[in-house]
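Chemist: Give me a 3D structure for the following:
(one chain, ligands or ions: 1)
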Amino acid sequence: MRAVAIEGGFGLENLRVVDRGPPPALRAGEVLVRVGAVSLNYRDLLTVRGLYNPKQKLPLIPCSDGAGVVSAIGEGVTKWAVGDRVMPTFAQGWLAGEPTREKLSTTLGGPLDGMLCEYRALREEGLVRVPEHLSVEAAATLPCAGLTAWRALFDHGGLLAGQWVLVQGTGGVSVFALQLAKAAGAKVIATTSSHEKAERLRAMGVDCVINYRETPQWAKPAREATGGRGVDVIVEVGGTGTLSESLRAVKPGGRVSIIGVLAGGVGEVSLFPVLMQDVRLQGVIVGSREHFEQMCRAIDAWKLEPVIDERVFEMDAIVDAMAHMAAGAHFGKVVVKVGA
Ligand SMILES: NC(=O)c1ccc[n+]([C@@H]2O[C@H](COP(=O)([O-])OP(=O)(O)OC[C@H]3O[C@@H](n4cnc5c(N)ncnc54)[C@H](OP(=O)(O)O)[C@@H]3O)[C@@H](O)[C@H]2O)c1
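Modeler: The predicted structure follows:
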């Protein structure tokens with residue numbers, strides 16, 4: 001089978017399509033998934049560059065997110081049948097409850113091999129059924145970005161209809177968050193660096209769009225959009241580079257879900273607004289299988305269609321796909337087709 005591997009060292013130059021021989025043999029309790037598509041996360045780019053976990057052992061098949069069809073089942077498998085459409089959970093061992101170090105050491109795309117291969121053998125409990133209305137390409141976007149947005153809004157954010165949400169930029173997590181927030185009846189403020197992307201955000205029903213290049217201090221217009229009250233839930237993907245603005249934009253008693261580090265992961269941020277205004281800061285690390293199943297039920301009920309970037313790549317063009325993402329040229333999720 002064909003796979004993409006990071007081999008011989010980190011860096012995009014060490015990402016290559018390799019032949020891994022026949023599909024993996026199944027052990028008891030395992031399911032063989034014929035992968036149809038994967039989607040890229042910023043984490044995958046950091047992993048390839050050796051910045052996510054410099055101690056990661058190589059070779060590694062990257063990418064946590066994918067979807068495909070069950071092509072064989074191992075002895076004792078009861079949950080799945082050949083032909084079922086499935087997605088892997090981000091952390092294979094995190095089925096429910098609180099995360100633990102052990103559960104978080106079972107993530108795909110590092111330290112475990114990921115989904116960018118034609119066939120992947122996975123434990124039967126590490127899979128979730130694809131919502132019926134979604135294509136395999138669309139389903140491949142859900143396991144990490146979709147679930148992270150879901151948990152930021154509903155699990156940690158406690159979002160209610162009519163409340164205000166702020167999302168930053170037009171990457172995978174943020175576009176999911178805006179779609180989920182709108183579906184739940186919330187109002188959305190989105191920042192972006194591009195006029196063209198601003199138009200797309202407005203077309204998606206975003207209530208207030210702010211260009212963060214032209215208006216680096218976007219907290220003021222964001223608060224104004226809420227009638228001065230402040231934002232209820234902020235989906236913070238910028239990190240230390242944007243957190244100060246988020247803390248100015250959030251309402252007293254509001255929630256900031258700390259997800260990403262696109263504008264910096266280390267730096268000084270004043271904690272005064274947090275303690276003076278009863279703001280809740282909460283880190284998010286994707287979610288468990290139980291969270292994933294909850295989200296899929298909502299996606300099914302809302303018939304939500306994930307936004308896939310207009311450039312969809314073939315497996316052979318993986319370096320171009322990663323470079324496309326690195327350039328921030330995408331809107332929504334970057335998808336790579338796998339197999340025939
Ligand atoms: N904690 C978790 O569980 C978890 C899960 C998933 C992702 N993440 C993290 O969340 C972040 C986003 O991931 P992703 O996969 O959605 O990334 P992505 O798709 O690569 O997002 C890229 C987009 O982010 C926007 N952006 C970049 N710098 C920005 C800034 N200073 N202010 C506002 N927007 C900015 C840009 O949008 P415009 O082009 O519109 O300006 C850019 O196109 C990453 O740091 C990732 O590692 C964490």
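Chemist: Please, which helix or strand holds the residue nearest to Asp300 when sequence neighbours are not counted?
Modeler: Once flanking residues are discounted, Asp300 sits nearest to Pro131: 4.4 Å by Cβ to Cβ, 6 or more residues apart in numbering. Heads up, the C-betas are built off the backbone N, CA and C, glycines and all. Under the assignment given by DSSP states H and E, Pro131 is not contained in any helix or strand.
Chemist: Check which helices and strands the helix or strand harbouring Ala177 is in contact with.
Modeler: Assigned by DSSP H and E, Ala177 falls within helix 172-183. Judged by 3 or more Cβ pairs under 8 Å, 6 or more residues apart in numbering; DSSP states H and E, helix 172-183 is in contact with helix 147-150, strand 164-168, strand 187-192, strand 231-236, helix 289-302.
Chemist: Export the ones you listed as CSV, with columns for mean neighbour count and distance to the ligand.
Modeler: Converted to CSV, the helices and strands packed on helix 172-183 look like this (neighbours: other Cβ atoms under 10 Å; distance: least, Cβ to the nearest ligand atom, whole Å):
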stretch, mean neighbour count, distance to the ligand
helix 147-150, 27, 4
strand 164-168, 29, 4
strand 187-192, 26, 3
strand 231-236, 29, 9
helix 289-302, 18, 11
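Chemist: and the angle for the helix holding Ala177 with strand 187-192?
Modeler: Angle between the axes of helix 172-183 and strand 187-192 is 160 degrees (criterion: axes from the mean of the first three to the mean of the last three Cα atoms, to 10 degrees).
Chemist: can you pull the buried residues of helix 172-183?
Modeler: For helix 172-183, a neighbour-count test (16 or more other Cβ atoms under 10 Å) marks 172-182 as buried.
Chemist: where are the low-confidence patches of the stretch 51-200 of the chain?
Modeler: Scanning the stretch 51-200 of the chain for pLDDT under 70 picks out nothing.
Chemist: hmm, who's touching the helix holding Ala177?
Modeler: Helix 172-183 is contacted by residues 39-42, 141, 145-146, 148-150, 152-154, 159, 165, 167-168, 188, 190, 201, 204-206, 233, 235, 237, 259-260, 298, 302, 304, 306-307, 331-334 when judged by Cβ atoms under 8 Å, 6 or more residues apart in numbering.
Chemist: close to the ligand, is it?
Modeler: Yes: Helix 172-183 lies within reach of the ligand by Cβ under 6 Å from any ligand atom, at 172-174.
Chemist: you'd agree Ala323 is up against Leu12?
Modeler: Yes: the criterion here is Cβ atoms under 8 Å, and Ala323 meets it with Leu12 at 6.9 Å.
Chemist: List phi and psi for the residue in the stretch 51-200 of the chain positioned nearest to the ligand.
Modeler: In the stretch 51-200 of the chain, the residue found nearest to the ligand is Gly171; the distance is 1.9 Å by Cβ to the nearest ligand atom. Per-residue torsions, Gly171: phi -80, psi -170 (degrees, to the nearest 10).
Chemist: who in this structure is up against the ligand?
Modeler: Residues of the chain found near the ligand (Cβ under 6 Å from any ligand atom) are 41-43, 144-145, 148, 168-174, 191-194, 197, 212, 237-238, 241-242, 259-263, 284-286, 325, 328.
Chemist: Out of those residues, which end up buried?
Modeler: 41-43, 144-145, 148, 168-174, 191-192, 194, 197, 212, 237-238, 241-242, 259-263, 284, 286, 325, 328.
Chemist: Strands along the stretch 201-340 of the chain, start to end?
Modeler: 208-211, 231-236, 250-258, 280-283, 313-314, 334-337 (DSSP state E, counting those that start in this stretch).
Chemist: Done for today, thanks.
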